[in-house]
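Undergrad: following is a predicted model, sequence given first.
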Amino acid sequence: MSYKKSRLCVLVMLYSFCILCFRSTTIQTPIIVHGYIDRMNPAVILIESHQEQLIVADDEMPFGSKEGMWVDVAVHYQSYQVLAINPHKTNKEQIKVNLLQRQLQKQSY
């Protein structure tokens, strides 16, 4: 009886593993990355994590997008979709830039 239970358990585990593997390849879960708006008209977005740049029409950009802002970008295999402006990341990076500029000014005096 225990042989049948262990065999059944192994079969259930294999079946579950196969379903999990199949499901993970069929469901297209996007990866969210940050992009920097380098230029507008058309928008050029730099994706540092992928070492790529995207050229996006202005009408496909989130409302209020400007140069110097950071946006969230969904990556679906080789296609990208700009989702929204990321004000938290924009502010965080602007603080870093301001700090570096102050340090450079102090060094130049």
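TA: Here it is on my side, so go on.

Undergrad: what sits against the residue nearest to the spatial centre of the chain?
TA: By C-alpha atoms, centre = their mean, the chain has its centre lying nearest to residue 33, at 1.4 Å. When contacts are counted by C-beta atoms under 8 Å, 6 or more residues apart in numbering, residue 33 touches 47, 49-50, 72-73, 75. Bear in mind the C-beta positions are built from the backbone N, C-alpha and C, glycine included.

Undergrad: top of those by neighbour count?
TA: Counting neighbours by other C-beta atoms under 10 Å, residue 73 leads these with 23 neighbours.

Undergrad: so what pairs up with the residue lying closest to that one once chain neighbours are set aside in the strands?
TA: Spatially, and ignoring its direct neighbours in sequence, residue 73 is nearest to residue 35 (4.5 Å; C-beta to C-beta, 6 or more residues apart in numbering). Using DSSP bridges, the bridge partners assigned to residue 35 are residue 71.

Undergrad: so residue 35 makes contact with residue 46?
TA: Yes. Look at residue 35 against residue 46 with C-beta atoms under 8 Å: they come within range, at 6.3 Å.

Undergrad: name the residue in these two with the higher neighbour count.
TA: residue 35 (28 against 16).

Undergrad: quick one: that one and residue 90, what's the gap?
TA: Residue 35 sits 11 Å away from residue 90, going by C-beta to C-beta, to the nearest Å.

Undergrad: what of residue 84?
TA: Counting by C-beta to C-beta - residue 84 and residue 90 are separated by 11 Å.
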